[in-house]
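[1] mind looking at a prediction? Sequence and model below.
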Amino acid sequence: MVAAWAVGILGSWEELAEWLPQVVRDVGLGRVILVALAGLTGVFAIVMVWAVLWWRKASFRLTDDSIQLSTGVVFRRRRHLRFDRVQAVDLVRPLIPRVFGLVKLRVEAAGGAGSSIQLAYLRHADAVRWRQRILTRAHHSSLTNAVPTGHAPGLTPPKSAETVIGEALGDADAEAPELFAVPTGRLIGSMALSVGIALNLLTIIAIPAVAIWRNGLAGIAVAIPIALGAGAYTAQRFTQDFGFSAKQTARGLTLSHGLTTRVSQTVPPGRILAVSFAQGPLWRRFGWWRATMTVAGYGRETNASGIMAPVADSETIRRVLWALAPALAQDDVWDAVTAAMGSRGPREGFTTAPRRARFFDPLAWRRTAFAVSEEAVVLRLGALRRRVDVLPHGRIQAIQVTQGPLERLAALASVALLSAAGPFTSSIEHLSAHDADRLARDQAARLAAAWPAP
């Protein structure tokens, strides 16, 4: 099938190569160019007229309980988004609209894909003002906690470029205390030591070299697309995570990042349900971790990847926990988190997987463990790629215990602590059946206390 498709394409190109010179001779090169330009101009004019009509017909307004967006020229469409369903409000600034001072306002809602509303494009000052109004009117669900007060642990970092720009543009949230900012040098270093990026760079260098060595200059035609494809992932990672900073505003946690497209996500307090820290083998010497978060109801179609910090040191990790819930930055939870990051095998305060679990997971069974404090559950997972999950008790929404036939014979079981759909699932596998049952019963009791029956 692929060969037939390729032959068909080549045949079409051959026919075009024979037909085009004949047309040029019969009509004249000048007329061909003139007709082509006229056609392009006509298409451009139609697109511009349609865009202007669409823009004039698009409108939105805020009512007492919802946002209403009306769009469409021929077919009108009206959408309503209730304030009590709002999960996050983002400012998205692609490169070209940013040159003209325009911003896209994206309102995320509970409900998954297709549930967000996008207001594109607004002037920056107007977008900031509407974002503040939407977040102020948004009703908080029972998951909502108070906005963290006081100062985050440690010294206040210097102002990031995002803060300086925000202050210059009159953003009221620009003066909010900054939790952390990821230095560009650390971001580049973390990417250089990332296994995925290293494999991409190896692909960029090795495959073109082999193609040119085997086929001479003809190999360049094969090497260039491969190199561009492999390099696109690396470039996307850098441009997406560039200038990453976080600050705690009166309306929630604001995460800003991006080089070509600048995104400012504002997540209302209490909407972050869990956070996971991951560390590849090449990051251990520097103590770096990648923090991801699960946000209640966050739309799947957005470009938000759940990243809370692309690369974080120990001080940044403690600030991330403080943003999740201030109590998590206290000594009891913090000691459990730091112990989970660097330990394996038995550890005070942790319940570990039994020795017989090595037949199910020979690499990671020594690190599989959990600790329970008054505020949260801490899971210690992974071997080559270490992981530490932190889940506040009040934000766990369901507990699931599973036991396959082989686990049943070995008296083992796995426990999943479920919140909302997100970039990771917090589950601990191959515990002893007794410990798995104890963990599930403890979390079920806490869940019942947090969500009493009507």
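    Perfect, I can see it now.

[2] quick one: the host helix or strand of residue 429 to chain centroid distance?
    Using DSSP states H and E, residue 429 sits within strand 426-432. Mean-position distance between strand 426-432 and its chain equals 25 Å (C-alpha atoms, centre = their mean, to the nearest Å).

[3] contacts for it, please.
    Applying C-beta atoms under 8 Å, 6 or more residues apart in numbering, the contact partners of strand 426-432 are 274, 276, 351, 353-354, 357, 360-361, 365, 368-370, 379, 381, 389, 391, 407, 411-419, 439. For glycine as for every other residue, the C-beta is placed from the backbone atoms N, C-alpha and C.

[4] after that strand, next one along is what?
    Next element after strand 426-432 (DSSP H and E): helix 433-450.

[5] low-confidence ranges, this structure, go.
    1-32, 110-115, 139-176, 198, 200-227, 229-231, 297-305, 450-454 (pLDDT under 70).

[6] and the helices in the protein?
    Secondary structure of the chain by DSSP state H: the helices cover 2-27, 29-57, 95-99, 124-137, 161-168, 184-192, 195-215, 220-241, 314-324, 331-342, 405-409, 433-450.

[7] flag every buried residue along the last one.
    In this case it means helix 433-450. 433, 435-436, 439-440, 443, 446-447 (16 or more other C-beta atoms under 10 Å).

[8] which strands and helices lie in contact with that helix?
    strand 369-372, strand 398-402, strand 412-418 (3 or more C-beta pairs under 8 Å, 6 or more residues apart in numbering; DSSP states H and E).

[9] what does the fourth one give?
    Counting by 3+ C-beta pairs under 8 Å, 6+ apart, the packing neighbours recorded for helix 124-137 are strand 59-62, strand 86-93, strand 102-109, strand 117-123.

[10] circling back: let's have the buried residues of helix 433-450 in CSV, adding distance to residue 94.
    Output for the buried residues of helix 433-450, formatted as CSV (distance: C-beta to C-beta, whole Å):
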residue, distance to residue 94
433, 53
435, 50
436, 48
439, 46
440, 46
443, 43
446, 44
447, 42
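
[11] closest one of those to residue 60?
    Nearest to residue 60 among the buried residues of helix 433-450, counting by C-beta to C-beta, is residue 447 at 38.3 Å.

[12] leaving out chain neighbours, which residue sits closest to that closest one?
    Residue nearest to residue 447 in three dimensions, not counting chain neighbours: residue 396, with 6.2 Å by C-beta to C-beta, 6 or more residues apart in numbering.

[13] what's the distance between that neighbour and residue 438?
    Separation of residue 396 from residue 438 (C-beta to C-beta, to the nearest Å) stands at 16 Å.

[14] and for residue 379?
    Separation of residue 379 from residue 438 (C-beta to C-beta): 15 Å.

[15] ok, now residue 33?
    Applying C-beta to C-beta, the value for residue 33 to residue 438 is 79 Å.

[16] could you do residue 261 as well?
    47 Å.

[17] and if you look at residue 240?
    Distance from residue 240 to residue 438, by C-beta to C-beta: 41 Å.

[18] mind pulling up the phi and psi values for residue 65?
    phi -130, psi 0 (degrees, to the nearest 10).

[19] who touches it in this structure?
    82-84.

[20] re earlier: just give me the closest of the buried residues of helix 433-450 to residue 61.
    residue 447 (39.3 Å).

[21] who are the contact partners of the closest one?
    393, 396-399.

[22] how about residue 90?
    Residue 90 neighbours (C-beta under 8 Å, 6+ apart): 105-108, 263-266, 302, 304.

[23] whichever of those end up buried, select them in ChimeraX.
    The ChimeraX selection below is limited to those of the contacts of residue 90 classed as buried (16+ other C-beta under 10 Å):
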select :105,106,107,108,263,264,265,266,302,304
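
[24] for the nearest residue to residue 178 once chain neighbours are set aside, name its beta-bridge partners.
    Among residues not flanking residue 178 along the chain, residue 247 sits closest, at 4.6 Å (C-beta to C-beta, 6+ apart). For residue 247, the beta-bridge assignment (DSSP bridges) gives partners residue 178, residue 254.

[25] how many other residues sit next to residue 247?
    Residue 247: 26 surrounding residues under other C-beta atoms under 10 Å.

[26] ok, it touching residue 179?
    Yes - between residue 247 and residue 179 there is a contact at 5.9 Å, judged by C-beta atoms under 8 Å.

[27] okay, and the common contacts of the two?
    residue 253.

[28] run the chain-centre distance for stretch 62-80.
    So, by C-alpha atoms, centre = their mean, the centroid of stretch 62-80 is 28 Å from its chain's centroid.

[29] returning to what we had before: of the contacts of strand 426-432, just the buried ones, PyMOL syntax please.
    In PyMOL, this line selects whichever of the contacts of strand 426-432 come out buried by 16+ other C-beta under 10 Å:
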select buried, resi 274+276+351+353+354+357+360+365+368+369+370+379+381+389+391+407+412+413+414+415+417+418+419+439
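
[30] ok, the spatially closest residue to residue 117 that is not a sequence neighbour - contacts?
    In space, and not counting its chain neighbours, residue 117 is closest to residue 107: 4.6 Å by C-beta to C-beta, 6+ apart. By C-beta under 8 Å, 6+ apart, residue 107 lies in contact with 67, 81, 86, 88-90, 116-119, 134.

[31] what of residue 294?
    Here residue 294 is in contact with 272-275, 306, 419-424 (C-beta under 8 Å, 6+ apart).

[32] buried members of the residues you listed into PyMOL, please.
    Command for PyMOL that selects the buried part of those, burial taken from 16+ other C-beta under 10 Å:
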select buried, resi 272+273+274+275+306+419+420+422
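
[33] related to what we said a few turns ago, for residue 374, see how far away the residue nearest to residue 178 is.
    For residue 247 relative to residue 374 (C-beta to C-beta), the value is 28 Å.

[34] also residue 45?
    With C-beta to C-beta as the criterion, residue 45 and residue 374 are 67 Å apart.

[35] likewise residue 80?
    Noted for residue 80: a distance of 41 Å to residue 374, by C-beta to C-beta.

[36] what is the burial count for residue 236?
    There are 11 residues near residue 236, going by other C-beta under 10 Å.
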